[in-house]
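Chemist: Fold the following, please.
(one chain, ligands or ions: 1)
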Amino acid sequence: MRIAGSISEEPIKPFLEVKGKNVLSGHVKVSGAKNSALVLMAASLLSKESIHLSNVPELTDIEVMSELLTSTGADIRRTGNQLQISNKSLSITNTFLPYELVHALRASFVCIGPLLARLGAVKIPLPGGCQIGSRPVDEHIQGLKELGAYVKFENDYVFAKTKSPDKRLIGKEINLRCKSVGATETILMAATLAKGSTIINGAAQEPEIQDLANLLNKMGAKINGAGTNQITIKGVNSLKGCKHEVIPDRIEAGTFLIASAITRCPLSISPLVQSHLKSVISKLEECGCSITKEGDGVKVIPPKTIKAVNITTSPFPGFPTDLQAPFMALMSTAEGTSIIRETVFEKRMQHVGELNKMGGKIDLCQNKAVINGVAELRATYVAGGDLRSSAAMVLASLNAKGTSKIQGLDHLDRGYENFEQKLNDLGANISRKEALNEKKIINQIKESVPKHNFYSRAEVA
Ligand code: UD1
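Modeler: Residues are numbered from 1 along each chain as shown. As a prediction, this is how the structure comes out:
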């Protein structure tokens with residue numbers, strides 16, 4: 001099935017105007033990892049003492065998580081990229097999390113683990129699905145039940161309570177049925193304060209889980225094996241405060257690696273941990289890019305002609321689903337045909353239609369996209385339907401001839417710190433425009449309606 005583009009329309013929400021084909025050069029600094037920072041903030045709920053996080057990106061998702069923690073009584077001080085969180089006054093009366101905030105940020109559901117472990121009870125809304133699929137939380141719930149929690153569902157809320165009289169969870173061997181990052185994080189945090197030992201088999205291995213375990217161990221937890229598929233946690237009575245620096249954002253770094261390839265311009269990108277990006281680097285090398293270590297980052301030198309390669313997304317260390325959309329933008333400009341399979345999320349292909357609007361030649365059959373590379377993408381009006389597809393639209397626009405207008409900035413601002421500024425510093429020409437005002441929209445509608453129709457309606461009125 002060929003996904004055709006819809007009729008181009010002038011954007012009515014704030015949008016980015018991207019003039020394509022600019023030459024990029026120089027160095028870009030990678031921010032701290034959003035997905036790490038969010039769960040590290042949740043982990044702060046486990047201690048009465050202050051947690052000091054550095055390298056926290058300034059993003060709307062981080063603001064929402066701050067609001068959520070504040071709603072439980074947390075005192076949060078922010079200075080630039082530093083965050084000091086004190087959960088001293090957390091009490092059983094604060095275990096009810098607001099519906100709007102959990103819905104605004106799915107990742108906040110992981111607060112269920114630390115709140116239950118520290119206070120013995122929690123009431124939290126079910127986060128529901130999102131643009132990329134239904135996203136169940138059954139593995140989180142099952143894990144908590146196995147650690148001795150009583151769980152019931154009432155009107156879209158989950159109510160969880162420890163069964164034991166001393167309000168503590170009880171360590172257990174847990175077998176995850178799917179490699180879920182969020183469920184691994186929930187269970188890992190909950191188990192740190194449980195009585196006895198917990199083993200998580202089939203644990204997700206993402207670097208953000210290693211970062212979480214490192215923070216928890218600094219807080220006094222006893223965790224081994226994070227980063228492998230079996231994590232063991234020896235429960236302790238309490239956790240203390242500490243300082244911790246968030247790891248570099250591998251997805252943001254990967255987005256800039258792809259930006260270099262799609263613009264065919266060499267870029268230096270740091271800081272990053274190369275082992276966190278192994279699958280991405282190896283695919284870009286297969287495309288013909290030269291990627292060499294440079295300080296605490298890499299230098300990418302792309303070829304004039306990018307070769308088409310196939311990718312299949314899978315949990316770490318496989319190719320990250322979060323870079324599937326940006327990589328598809330790159331493959332749209334490659335020589336030859338590539339096949340991209342999405343296996344992690346059920347509905348993560350919305351960018352296909354938008355890339356086709358830009359002149360891409362992509363056929364989609366469920367979660368398999370066949371991309372026939374084109375010589376050049378062309379600028380038009382597009383919208384990113386989720387965070388990573390918004391980034392993919394920006395990358396595609398950098399390659400396209402002409403001026404593109406991209407909507408979906410609320411998604412982009414959730415996960416990329418100063419994205420357009422960073423690209424502009426490299427030589428791109430991107431400006432953020434406010435939404436068209438209502439009067440202009442009405443005038444445009446009037447102009448698009450044949451005059452005789454318009455007058456006859458006015459006469460009737
Ligand atoms: C995290 C990342 C997200 C990334 C994803 C996969 C954060 C804040 N977000 O999301 O950017 O795309 O990992 O790398 O860290 N599943 C179940 N039952 C569950 C939990 C998950 O069936 O209880 C399924 C999901 O529907 C999905 C798959 O498992 O199909 C992976 O989801 P998961 O690893 O949990 O993703 P998140 O933690 O939500």
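Chemist: which parts of the stretch 1-150 of the chain sit against the ligand?
Modeler: By CB under 6 Å from any ligand atom, the part of the stretch 1-150 of the chain that sits against the ligand consists of N35, L38, A107, G133, R135, P136, V137, D138, E139, H140. From N, CA and C alone the C-beta is placed, and that goes for glycine too.
Chemist: I figured the third one hits I62, correct?
Modeler: In other words, A107. No: applying CB atoms under 8 Å, one finds A107 not in contact with I62, separated by 10.4 Å.
Chemist: Those two: who's more crowded?
Modeler: I62 (24 against 20; other CB atoms under 10 Å).
Chemist: For the more buried one, give its distance to R78.
Modeler: Taking CB to CB, to the nearest Å as the measure, I62 and R78 are separated by 9 Å.
Chemist: hey, what's in contact with both of A107 and I62?
Modeler: L38 (CB atoms under 8 Å, 6 or more residues apart in numbering).
Chemist: what's the overlap in contacts for I62 and R78?
Modeler: Counting by CB under 8 Å, 6+ apart, the shared contacts of I62 and R78 are V56.
Chemist: In the stretch 101-250 of the chain, mark out all the helices, start to finish.
Modeler: Under the criterion DSSP state H, counting those that start in this stretch, the stretch 101-250 of the chain carries helices at the ranges 112-119, 138-146, 181-192, 207-218, 250-263.
Chemist: Give me the average confidence score over the second one.
Modeler: This means helix 138-146. When pLDDT is averaged along helix 138-146, the result is 96.
Chemist: Check the offset of that helix from the chain's centre.
Modeler: In terms of CA atoms, centre = their mean, to the nearest Å, the centre of helix 138-146 is found 23 Å from the chain centre.
Chemist: which secondary structure elements does it contact?
Modeler: In this structure, helix 138-146 makes packing contacts with helix 112-119, strand 149-154, strand 157-162, helix 181-192, judged by 3 or more CB pairs under 8 Å, 6 or more residues apart in numbering; DSSP states H and E.
Chemist: can you list contacts of it?
Modeler: Among residues not part of helix 138-146, those counted as contacts by CB under 8 Å, 6+ apart are 109-110, 112-113, 116, 151, 158, 160, 169, 172, 174, 176-178, 180, 182-183, 186-187, 190, 200.
Chemist: by how many degrees do it and helix 112-119 diverge?
Modeler: 20 degrees (axes from the mean of the first three to the mean of the last three CA atoms, to 10 degrees).
Chemist: which of the residues in helix 138-146 are buried?
Modeler: By neighbour count, and taking 16 or more other CB atoms under 10 Å as the criterion, the buried residues in helix 138-146 are E139, H140, I141, Q142, G143, L144, E146.
Chemist: what would these look like in TSV with distance to V273?
Modeler: Compiled in TSV, the buried residues of helix 138-146 are given as follows (distance: CB to CB, whole Å):
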residue	distance to V273
E139	27
H140	27
I141	32
Q142	32
G143	28
L144	31
E146	32
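Chemist: quick check, nearest of these to F327?
Modeler: Of all the buried residues of helix 138-146, the one with the least separation from F327 (CB to CB) is E139, at 27.1 Å.
Chemist: Skip the chain neighbours and tell me the closest residue to that closest one.
Modeler: Counting by CB to CB, 6 or more residues apart in numbering, A183 is the residue found nearest to E139 once chain neighbours are left out, at 3.6 Å.
Chemist: Is it correct that L323 falls within a strand?
Modeler: No: assessed by DSSP: H, G, I helix; E, B strand; the rest coil, L323 does not belong to a strand; its assignment is helix.
Chemist: wait, it sits on I251?
Modeler: Yes: with contact defined as CB under 8 Å, L323 counts as touching I251 (6.3 Å).
Chemist: Overlap of the contact sets of the two?
Modeler: R388.
Chemist: can you count the residues close to V309?
Modeler: Using other CB under 10 Å as the criterion, V309 is surrounded by 20 other residues.
Chemist: and it, how far is that from L355?
Modeler: Taken as CB to CB, the spacing of V309 relative to L355 amounts to 17 Å.
Chemist: what about stretch 324-334, near the ligand?
Modeler: No: with CB under 6 Å from any ligand atom as the threshold, stretch 324-334 lies outside contact range of the ligand, at a closest distance of 9.2 Å.
Chemist: tell me which parts of the stretch 151-300 of the chain are close to the ligand?
Modeler: Proximity of the stretch 151-300 of the chain to the ligand is confined to C178, S180, V181, G182, A183, A204, E208 under the rule CB under 6 Å from any ligand atom.
Chemist: Pull the contacting residues for the fifth one.
Modeler: Neighbour list for A183: V137, E139, H140, G143, L176, A204 [criterion: CB under 8 Å, 6+ apart].
Chemist: what's the neighbour count on the closest residue to the fourth one other than its chain neighbours?
Modeler: The shortest distance from G143 to any residue other than its chain neighbours is 3.9 Å, reached at I187 (CB to CB, 6+ apart). Using other CB under 10 Å, I187 is surrounded by 29 other residues.
Chemist: again, but for the one 3 residues further on
Modeler: The number of residues packed around A190, counting by other CB under 10 Å, is 30.
Chemist: ok so, going back, can you flag the buried ones in the contacts of helix 138-146?
Modeler: Applying a neighbour-count criterion of 16+ other CB under 10 Å, the buried members of these are 109-110, 112-113, 116, 151, 158, 160, 169, 172, 174, 176, 180, 182-183, 186-187, 190, 200.
Chemist: what's the average pLDDT for stretch 191-210?
Modeler: The model assigns stretch 191-210 a mean pLDDT of 98.
Chemist: end to end, how far does that stretch reach?
Modeler: 15 Å (CA to CA, to the nearest Å).
Chemist: mind giving me the domain split of this protein?
Modeler: Using automatic domain parsing, the domains assigned to the chain come out as 15-31+248-460, 34-245.
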